[in-house]
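A.B. asks: Model the structure of this input:
(chains A and B)
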Amino acid sequence: MAPHAYFQAVAGTCYDYYLAIQLYTIAQYLTPAIIINYLSCGIISMYNKKIAAMFNEIADMIEIEDDTRIFEVRAYRKAAMTIDTLQEDVEEILDKGGTKGLMELPGIGEGLAKKIEEFIKTGRMRKYDDMKKKFPMDLDKLTLIQGLGAKKAFRLYNELGVKTIDDLKKAIEAHKVRRLEGFGEKSEAELGKGIGLYQAGISRMLLGTALPEAETIIRKIRGSGLADRVELAGSSRRMKETVGDLDILVTSSKPESIMDFVTGLSEVESVTLKGPTKTTVRLKIGLSCDIRVVERKSFGAGMQYFIGNKDHNVKVRQIAIRKGYKLNEYGLFGKNGKIIAAEDEREIYDKLGMQYPEPEMRENRGEIELSLEHKLPTLIQLGDIKGDLHVHTNNSDGANTLEEMVAQAEALGYSYIGITDHSKSEYVARGMDEARFERYSDQIDRFKDKYEGRVKVLKSAETDILKDGSLDFSNKSLDSMDYVLGSIHTNLNMGREEMTKRIIRCMEGGYLDIWAHPTDRLINARQPIQVDLDRVFEAAKDNGVVMEVDAFPDRLDLNDENITRARKHDLKFSIDTDAHRGDHMLFMRYGIGTAKRGWLTKNEVINTMRYEELMKYFK
DNA sequence: GCCGTTTTCGGCCCGACTGTTTTCAGTCG
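C.D. replies: As a prediction, the model looks like this:
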């Protein structure tokens, strides 16, 4: 797809109407070369992806060759997963710490570290090259097709000469696949469908799109009267920023009826598989949805199992084994098969000697170790939030009036709201110059009285951090604000060093209170800016600048990992929605979910303070 | 091939569904 077309497609599917207009506008003005540069800034070295793919292929090849080496296969797959999801560059790790540094990564031992080193230094990996001679087909791509694993892919190659997805397509069209032993008409049709899905593109859906859909389905199942309990599980329960599929757990004494009900829902496009305890459907919005039914007495074990994530569960099961127990989705069992705990999730953790970890923490990022020591932090909750400090009105690019936004804040039970319309550099968003800001400021002052004793209205602006690190308002205007919220909207593709200096200079200027959507990434659409976050976080600490967790579904910025990183610098946070419409203020839950994934506690978040405390804090 | 409250050797999470089979291998999460 041409870059222009790409940008317009992104704008066309963009969650936020106003952002879409901005993206579309940008796409009209820039040359393809600039856009490519823009989209590719901040991409992690290709080594990570390449090595992960090679390890996965080696795993496939061993699996085909020898069934008994299953643990070796798992070791390669685990290592591939580690490298694929790594936030750092393997090349950089190797540069800094050698193979010893690589071996600190989970699932990477001496053998695999040496293979990584060999590939980075020579561009080859002997083990991979040698094995590949026997299996010269696109295993990495073929196995991405739903229902096709390594062994079947090999048989297709061995018996039909299928090397690529294109070859497979032709074999299916010629009805050659159905004639193979162990395959049949149905398998052939399924593979055809699988290719279609693969080619439609596999990208993960925004939590903000997936979660409301899950909630609709859950509401319908609850309304059917067939279910006892219906709960969301999986990555959306863990509030992961994007989800690959939905998982819904149901307890019922009529599992078959539940499955019939679900497969007949209007949201369902097709049924992938259907059994009495597990059914998978493809939803019209382009997402797969798993429904699992367990008996009521297994509800807790079912939740523990289906919330995941996988790594977390593997570790918890290992703890169960060490204690002489067995844990599965039906319960925690003793040696004789006696139930130790099953109906209540907390009890399962308790019997394992663990403190209950909230779903958002279950990523095997150290929560298991802390849980065993009963030292888990008490995470922030949605109810702790007392106001939203990043909100737009129709004075810039928002859709609703000041009064409508304040009314929404009151409806949410907030005690304050911060109005942050754009500054003049954001001409696309109808940003304000000093004169307009003053007029608006007066308007807010007059309006304040009306809501006195109900919601406090704070005066601010989303002030552009300009190229040189200065803010887009005169000091006089900045002085008159209750606090200053600042963010970057232009010159996003600056080099890392220049960008780092730009932001630090702004922080040292003494006016910035909250750094909004710090990395400027847009999920599935735009890479984060190139910046040395640790240096910036240090400057933020020195100058008392608060980090925002922007709750807008395609931002979620800072994200969970960067929150964890910022916490190490002992920073404060503000969780805001960046609302451009009244109902956008409901996005707060995504910000809270992200904050919990970064292990934030109430004390670290400024908009949990009462109004008076907050004002004192800004002073 | 990795890893260590059971360990430098001997373990490594566990179960459901499908299609093509007459008891199970392959795939998936």
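A.B. asks: leaving aside the residues next to it on the chain, what's closest to A:Tyr157?
C.D. replies: A:Met137 (4.5 Å; Cβ to Cβ, 6 or more residues apart in numbering). Yep, even glycine has a C-beta here, placed from its N, CA and C like the rest.
A.B. asks: which ones are touching the one you found?
C.D. replies: Each residue near A:Met137 by Cβ atoms under 8 Å, 6 or more residues apart in numbering is listed here: A:Ala153, A:Phe154, A:Tyr157, A:Val162, A:Lys163, A:Thr164.
A.B. asks: Now the last one. Its backbone dihedrals?
C.D. replies: If I follow you right, that is A:Thr164. phi -130, psi 170 (degrees, to the nearest 10).
A.B. asks: At which residues are the strands of the stretch 151-300 of chain A located?
C.D. replies: A:205-206, A:229-233, A:242-243, A:245-251, A:268-274, A:278-283, A:288-294 (DSSP state E, counting those that start in this stretch).
A.B. asks: Just put the ones you listed in a markdown table and tack on distance to DNA strand B and mean neighbour count.
C.D. replies: Output for the strands of the stretch 151-300 of chain A, formatted as a markdown table (distance: least, Cβ to the nearest atom of the strand, whole Å; neighbours: other Cβ atoms under 10 Å):
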| stretch | distance to DNA strand B | mean neighbour count |
| --- | --- | --- |
| strand A:205-206 | 14 | 20 |
| strand A:229-233 | 9 | 19 |
| strand A:242-243 | 11 | 21 |
| strand A:245-251 | 6 | 23 |
| strand A:268-274 | 4 | 14 |
| strand A:278-283 | 4 | 20 |
| strand A:288-294 | 6 | 22 |
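A.B. asks: Redo these as JSON lines? Include distance to A:Arg496 and mean pLDDT.
C.D. replies: Shown next, in JSON lines, are the strands of the stretch 151-300 of chain A (distance: least, Cβ to Cβ, whole Å; pLDDT from 0 to 100):
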{"stretch": "strand A:205-206", "distance to A:Arg496": "27", "mean pLDDT": "88"}
{"stretch": "strand A:229-233", "distance to A:Arg496": "39", "mean pLDDT": "96"}
{"stretch": "strand A:242-243", "distance to A:Arg496": "25", "mean pLDDT": "91"}
{"stretch": "strand A:245-251", "distance to A:Arg496": "36", "mean pLDDT": "95"}
{"stretch": "strand A:268-274", "distance to A:Arg496": "44", "mean pLDDT": "90"}
{"stretch": "strand A:278-283", "distance to A:Arg496": "40", "mean pLDDT": "93"}
{"stretch": "strand A:288-294", "distance to A:Arg496": "38", "mean pLDDT": "94"}
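A.B. asks: got CSV for those, with distance to A:Ile145 too?
C.D. replies: Below are the strands of the stretch 151-300 of chain A laid out as CSV (distance: least, Cβ to Cβ, whole Å):
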stretch, distance to A:Ile145
strand A:205-206, 20
strand A:229-233, 26
strand A:242-243, 21
strand A:245-251, 16
strand A:268-274, 13
strand A:278-283, 15
strand A:288-294, 14
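A.B. asks: returning to what we had before: tell me the one of the contacts of A:Met137 nearest DNA strand B?
C.D. replies: Ranked by distance to DNA strand B (Cβ to the nearest atom of the strand), these are led by A:Ala153 at 6.1 Å.
A.B. asks: OK, contacts around the spatially closest residue to the closest one that is not a sequence neighbour?
C.D. replies: Using Cβ to Cβ, 6+ apart and skipping residues adjacent in sequence, the residue nearest A:Ala153 is A:Leu142, 4.5 Å away. Contact analysis of A:Leu142 by Cβ under 8 Å, 6+ apart lists A:Leu148, A:Ala153, A:Leu156, A:Val162, A:Thr164, A:Ile165, A:Leu168.
A.B. asks: what do you get for A:Phe306?
C.D. replies: Counted by Cβ under 8 Å, 6+ apart, A:Phe306 has contacts A:Ala233, A:Gly234, A:Asp247, A:Leu249, A:Arg292, A:Glu329.
A.B. asks: what does stretch A:157-174 contact?
C.D. replies: By Cβ under 8 Å, 6+ apart, the list of residues contacting stretch A:157-174 reads A:135-138, A:141-142, A:145, A:153, A:156, A:176-177, A:180, A:188, A:191-192, A:195, A:198-199.
A.B. asks: redo that, cut-off 6 Å
C.D. replies: A:Met137, A:Asp138, A:Lys141, A:Leu156, A:Lys176, A:Val177, A:Leu180, A:Glu188, A:Gly192, A:Ile195 (Cβ atoms under 6 Å, 6 or more residues apart in numbering).
A.B. asks: wait, what's in contact with whichever residue of the stretch 51-200 of chain A sits closest to DNA strand B?
C.D. replies: Residue nearest to DNA strand B within the stretch 51-200 of chain A: A:Gly184 (1.8 Å; Cβ to the nearest atom of the strand). Each residue near A:Gly184 by Cβ under 6 Å, 6+ apart is listed here: A:Arg178.
A.B. asks: Quick check: phi and psi at it.
C.D. replies: phi -160, psi -170.
A.B. asks: residues near the residue in the stretch 401-550 of chain A that DNA strand B sits nearest to, how many?
C.D. replies: Proximity of the stretch 401-550 of chain A to DNA strand B (Cβ to the nearest atom of the strand) peaks at A:Asn524, 19.3 Å away. When neighbours are defined as other Cβ atoms under 10 Å, A:Asn524 has 14 of them.
A.B. asks: Enumerate every residue touching A:Phe55.
C.D. replies: A:Tyr76, A:Ala79, A:Ala80.
A.B. asks: same question, A:Thr564
C.D. replies: A:Gly598.
A.B. asks: cutoff 7 Å now
C.D. replies: Contact analysis of A:Thr564 by Cβ atoms under 7 Å, 6 or more residues apart in numbering lists A:Gly598, A:Trp599.
A.B. asks: just the one 5 residues further on next, same as before
C.D. replies: By Cβ under 7 Å, 6+ apart, the contact set of A:His569 is A:Phe537, A:Glu538, A:Lys541.
A.B. asks: Most neighbours of all these, which one?
C.D. replies: Neighbour max across these (other Cβ under 10 Å) = A:Phe537, 22 neighbours.
A.B. asks: Quick check: that residue touching A:Leu571?
C.D. replies: Yes - using Cβ atoms under 7 Å, A:Phe537 is in contact with A:Leu571, at 6.2 Å.
A.B. asks: Run through the strands of the stretch 401-550 of chain A in chain order.
C.D. replies: A:416-422, A:456-464, A:485-487, A:514-515, A:546-550.
A.B. asks: Nearest to A:Ile319, out of those strands?
C.D. replies: strand A:546-550 (31.6 Å; Cβ to Cβ).
A.B. asks: Return the closest one as PDB; C-alpha atoms alone will do.
C.D. replies: Extracted in PDB, the C-alpha atoms of strand A:546-550 (Å, rounded to 0.1, in the frame of the first residue of the first chain):
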ATOM      1  CA  VAL A 546       4.100  14.800  36.500                       C
ATOM      2  CA  MET A 547       3.800  12.000  33.900                       C
ATOM      3  CA  GLU A 548       0.400  11.600  32.200                       C
ATOM      4  CA  VAL A 549      -1.200   8.200  31.600                       C
ATOM      5  CA  ASP A 550      -3.400   9.200  28.700                       C
END
